[in-house]
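**Q** Task: produce atomic coordinates for the following.
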Amino acid sequence: MIIRAIEHIQLRDSTILKVTADNHLVGWGESAVPYDDSLKRAIGRPAYQYALHQHPALNMAMLDIVGQAAKAPIYQILGGPTRNKVRVMTAWSDTAAKAGHRAFIAPPPLVQKTGFDFVVDGGGKMTPGEASSLAASLEKLHPLWLDEPCPQVNLGTIRKIAEENVTPLGWGRNFQSLSEVQNMLSEQLIDVVRLDIAKHSISAIRKAAALAETYYVAVAPFHSGGPIATAASIHLAASLPNFFIQQIPWSEGEERKMRTEITGRDIESVREGYVELLTGPGLGIKVNEQALRRYAA
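**A** Numbering: from 1, shown residues only. Next comes the predicted model:
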């Protein structure tokens, strides 16, 4: 399982990596982190050293190869599944609700929708005072959590929001390092860890989840990228004991067609708020390279 070649393909804002091993297995990865030639240092190294490589797409692709070689899904490589299906949420739309989604992330004006679970998206745009007032007003609506309520200017302002309200707070989709998660956890200012799989590797998010578990804090990874990362998100979610819910993009029309063509089937189909686990080896998808290159052109 020695890595012999690494190729990158740019698909919109996603860096797609095609990693080839000497056993002719090909692993695929996706991230928002740009490609650079330093990734070629992995050439000549065994794929099972995936945890040493923190570029999200490279880490993902190496895990894909290891899973294929073992004839096992990635979540089996990571210790086995902790659930038999994955709860998901997406951006609010009527068509998403009709398609089977039961949990949504939405800006404050849309949170009055009934019959669904919801996360209020602060987008990091409010002042601490506005965020505290919103958190208080949301208490009676019982949101899953308030996401990124304000800029992370300092822990003191965030502590004030956390102490004055019982609305859970989610942070992490804009974090650059695991130390930010650790700081939030040690100060007991975070209820839901929201690291972005496009910015952090599967291995890194699992480390953050292990830290969070010691504080009884849940993990709900953020994902707004392409379908290869969706596959990785499903495996990641299945492997985390303290997993809560996985955000996945909602798509329809030509966008849905593109995503389905690239992964060979519609892995983002939702039934009663859940997606099924992918049971094939590695990522559990067969990337249509011809379609991928056509859409990347």
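**Q** got the contact list for the host helix or strand of Y295?
**A** Y295 is part of helix 289-296 when elements are defined by DSSP states H and E. Outside helix 289-296, the residues that touch it by Cβ atoms under 8 Å, 6 or more residues apart in numbering are I9, Q10, L11, I16, K18, M258, E261, I262. In this view, the C-beta of every residue, glycine as well, is placed from N, C-alpha and C.
**Q** Tell me the buried residues in stretch 141-149?
**A** The neighbour-count check on stretch 141-149 (16 or more other Cβ atoms under 10 Å) flags P143, L144, W145, L146, D147, E148, P149 as buried.
**Q** Among the contacts of helix 289-296, which ones are in strands?
**A** I9, Q10, L11, I16, K18 (DSSP state E).
**Q** and the first one, how many neighbours?
**A** By the other Cβ atoms under 10 Å criterion, the neighbourhood of I9 contains 18 residues.
**Q** So it versus Y295, what's the distance?
**A** Note on I9: its distance to Y295, by Cβ to Cβ, to the nearest Å, is 10 Å.
**Q** Tell me which stretches of this structure form helices.
**A** For the chain, applying DSSP state H gives helices covering 56-70, 74-77, 94-98, 128-138, 155-164, 178-186, 202-213, 227-239, 253-263, 289-296.
**Q** before we move on, back to that, let me know the closest of the ones in strands among the contacts of helix 289-296 to I197.
**A** I197 lies nearest to I16 out of the ones in strands among the contacts of helix 289-296, by Cβ to Cβ, at 13.9 Å.
**Q** Settle this for me: that closest one is touching I228, isn't it.
**A** Yes. Counting by Cβ atoms under 8 Å, I16 does reach I228; the two are 6.6 Å apart.
**Q** which neighbours do the two share?
**A** W28, G29, E30.
**Q** ok, the closest residue to the first one other than its chain neighbours - how many residues close by?
**A** Nearest non-adjacent residue to W28, counting by Cβ to Cβ, 6 or more residues apart in numbering: V287, 4.9 Å away. Other residues within reach of V287 by the criterion other Cβ under 10 Å amount to 21.
**Q** for V287, what are its contacts?
**A** W28, I228, I262, T263, G264.
**Q** Mind giving me the ChimeraX command for buried ones among those residues?
**A** In ChimeraX, this line selects whichever of the contacts of V287 come out buried by 16+ other Cβ under 10 Å:
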select :28,228,262,263
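**Q** Quick check: A238 vs P73, distance?
**A** 8 Å.
**Q** can you list residues touching both of the two?
**A** By Cβ under 8 Å, 6+ apart, A238 and P73 have these common neighbours: P81, L277.
**Q** pLDDT below threshold where in the protein?
**A** The model of the chain has pLDDT under 70 over residues 111-114.
**Q** Can you give me the buried ones in the helix holding Y295?
**A** Per 16+ other Cβ under 10 Å, helix 289-296 contains these buried residues: A291, L292, Y295.
**Q** And stretch 155-167, by the same measure?
**A** The neighbour-count check on stretch 155-167 (16+ other Cβ under 10 Å) flags T157, I158, I161, A162, N165, T167 as buried.
**Q** Thank you kindly, that will do.
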